[in-house]
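> I need the structure of the sequence given here:
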Amino acid sequence: MSNVVPFPPRSSMPQAAGRHLAARYLERPPSGSHAVQFYDDHGFLVETVAQFMIHGLDAGHSVLAIATPEHTDGIIERLGKARVASALAEKRLVLADADALLSRFVVGGDVSVPAFAGALDFVLRELPAAAAGAPFRAFGEMVDRLWQQGQASAALQLEETWCRLCDERKIALLCGYAMRNFYKHDESQRFHEVCRLHSHVLPTERFARQAGSDFDRLREISLLEQRERLLQAEVFYREQLERTLRELSQQGVRGGASAAGEALEHAAAALREAASELLAPATEIAAMARELSSRYAQQAQSGDVARLNAALERLQQATARLQNHGDASLRAEATGALKPNAGPR
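Residues are numbered from 1 along each chain as shown. The predicted structure is shown next:
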């Protein structure tokens with residue numbers, strides 16, 4: 001079972017530049033902190049982790065990386081063979097395979113806390129200074145691997161365990177999560193839980209390495225907030241429509257044509273109202289996108305703004321069609337619900 005949705009390849013993603021938004025944290029993470037780096041592009045994650053590890057090794061700290069082989073290869077390349085060889089010889093660096101370590105303590109979809117603590121102690125034998133209480137930082141993507149395998153509950157269990165260990169052993173931990181894990185509407189609550197379980201939440205490369213000033217970032221955040229309101233309105237509309245159609249079907253079976261006609265008119269009115277609620281924010285976002293497009297037409301980010309502008313134009317047109325023709329669509333669906341022997345859907 002997989003919980004991964006394909007995303008555009010790296011070549012089609014925005015190529016952001018600039019200093020990492022959380023550069024200060026990556027350089028000097030507080031002892032006992034537990035951070036999460038969300039990402040879309042694997043290269044960005046590898047660069048961020050390498051930066052986190054380089055600062056630790058150069059400061060004389062012990063470092064543990066629990067990663068996939070592909071990410072481990074990229075991390076080693078960015079650290080440099082000389083730095084890696086020196087740290088390994090001094091027993092200040094351990095590179096562990098995420099899947100191999102998971103197999104030691106995840107049984108039947110549940111995390112065995114004693115087995116996890118034992119596996120971590122086994123790894124720390126190769127980091128004597130860390131085992132003795134010296135400064136220690138770690139990167140892990142075991143939680144990301146569990147999520148990708150459809151084991152979200154186990155991932156959250158592991159996060160809670162990490163929280164306790166970070167506090168007890170004063171570990172500075174950085175986790176990596178692919179944002180594509182959270183594409184479903186019903187993942188929202190778990191996404192908020194992931195954020196709650198971390199002391200520091202770092203956004204994807206779209207914002208973490210976005211070129212431009214802090215005000216450019218704030219403008220983008222404002223656009224996202226407006227888009228969130230639009231999506232909330234769309235979800236509300238869908239729930240309202242489904243509820244009304246369900247009531248319509250039930251009333252048609254129980255009360256005949258008269259009750260069904262009254263319920264149908266009520267549903268049509270609700271649909272028109274919901275369409276109006278969608279149309280207003282869509283129009284406002286489209287206007288903001290046009291303003292950004294004209295303001296930054298010569299900059300690298302203009303392509304993103306143009307795509308947003310086009311997408312919102314389509315949304316605005318679709319919403320207008322919904323408002324104009326929703327009655328006919330609703331009536332056709334409701335008529336199907338009222339056919340003989342058609343019970344509640």
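> quick one: buried residues of stretch 198-212?
For stretch 198-212, the neighbour count (16 or more other Cβ atoms under 10 Å) marks 198-200, 202-210, 212 as buried. C-beta: built from backbone N, CA, C; applies to glycine.
> One more: stretch 93-111?
For stretch 93-111, by 16+ other Cβ under 10 Å, it's L93, V94, L95, A96, A98, L101, L102, F105, V106, V111.
> Kindly check the end-to-end length of that stretch for me.
Across stretch 93-111, the terminal residues are separated by 26 Å (Cα to Cα, to the nearest Å).
> Which residues are in contact with the residue nearest to R125 when sequence neighbours are not counted?
Leaving aside its sequence neighbours, R125 sits nearest to A131 (Cβ to Cβ, 6 or more residues apart in numbering; 7.0 Å). Under the criterion of Cβ atoms under 8 Å, 6 or more residues apart in numbering, the contact list for A131 reads D121, L124, R125.
> Distance-wise, check A59 relative to R238.
As for A59, its distance to R238 is 52 Å (criterion: Cβ to Cβ, to the nearest Å).
> quick revisit: which members of the buried residues of stretch 198-212 define the maximum pairwise distance?
S199 and G212 (27.2 Å; Cβ to Cβ).
> Could you chop this structure up by domain?
What the record gives for the chain is the domain set 10-208, 214-337, from automatic domain parsing.
> ranking those domains by mean pLDDT, which is last?
Mean pLDDT is lowest for domain 214-337 out of the domains of the chain, coming in at a mean of 63.
> what comes up buried for stretch 59-76?
Neighbour count says stretch 59-76 has 61-68, 71-72, 74-76 buried, by 16+ other Cβ under 10 Å.
> before we move on, the earlier item: out of the buried residues of stretch 93-111, which sit inside helices?
Per DSSP state H, helices hold the following members of these: A98, L101, L102.
> export those to a markdown table and tack on distance to Q157?
Output for these, formatted as a markdown table (distance: Cβ to Cβ, whole Å):
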| residue | distance to Q157 |
| --- | --- |
| A98 | 16 |
| L101 | 15 |
| L102 | 12 |
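> on that earlier part again, report the two of the buried residues of stretch 59-76 separated the most.
H61 and T68 (23.0 Å).
> where does A65 land in three-state SS?
When classified by DSSP: H, G, I helix; E, B strand; the rest coil, A65 comes out as strand.
> is it in a bridge, and if so with what?
Beta bridges link A65 to L95, F139 when assigned by DSSP bridges.
> list the contacts for it?
V49, M53, T72, I75, L93, V94, L95, A96, A138, F139, G140.
> Equivalent analysis for S199, please.
Per Cβ under 8 Å, 6+ apart, neighbours of S199: P30, S33, H34, A35.
> how close does it sit to P30?
Taken as Cβ to Cβ, the span from S199 to P30 is 8 Å.
> what's the answer for A129, then?
From A129 to P30 the distance is 19 Å (Cβ to Cβ).
> Looking at the two, which is more packed in?
The neighbour comparison of A129 against P30 (other Cβ atoms under 10 Å) goes to A129, with 16 against 12.
> Pretty sure L57 sits against A87.
Yes - using Cβ atoms under 8 Å, L57 is in contact with A87, at 5.2 Å.
> between the two, which one's more packed in?
Neighbours per residue (other Cβ under 10 Å) separate L57 from A87, with A87 holding more: 22 against 19.
> Checking my notes, that one in a helix, right?
Yes - assignment of A87 by three-state DSSP places it within a helix.
> contacting residues for it?
Per Cβ under 8 Å, 6+ apart, neighbours of A87: L57, V63, L93.
> Which stretches in the stretch 151-300 of the chain count as strands?
171-178, 200-202 (DSSP state E, counting those that start in this stretch).
> Can I get these in TSV including distance to Q157?
Converted to TSV, the strands of the stretch 151-300 of the chain look like this (distance: least, Cβ to Cβ, whole Å):
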stretch	distance to Q157
strand 171-178	14
strand 200-202	19
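> most packed of the ones you listed?
Across these, the average number of neighbours (mean count of other Cβ atoms under 10 Å) peaks for strand 171-178, which reaches a mean of 25.
> Can you list the strands that that one pairs with?
Strand 171-178 is paired, per DSSP bridges, with strand 34-39 (parallel), strand 136-140 (parallel).
> what residues does the shortest one touch?
Think strand 136-140. So strand 136-140 is in contact with 29, 49, 52-53, 56, 61-67, 98, 127, 129-130, 162, 169-176, going by Cβ under 8 Å, 6+ apart.
> if we go to 6 Å?
When contacts are defined by Cβ atoms under 6 Å, 6 or more residues apart in numbering, strand 136-140 is touched by residues 49, 56, 61-66, 130, 171-175.
> of these, closest to A115?
Distances from A115 to the contacts of strand 136-140, taken by Cβ to Cβ, are shortest for I66, at 15.0 Å.
> Do I have it right that the closest one meets A98?
Yes - the criterion here is Cβ atoms under 6 Å, and I66 meets it with A98 at 5.2 Å.
> where does F122 fall, phi/psi-wise?
The phi/psi pair for F122 (degrees, to the nearest 10) reads phi -60, psi -40.
> and what of H20?
Dihedral angles (degrees, to the nearest 10) for H20: phi -60, psi 140.
> now do the one 10 residues further on
When quoted as degrees, to the nearest 10, the phi and psi of P30 stand at phi -60, psi 150.
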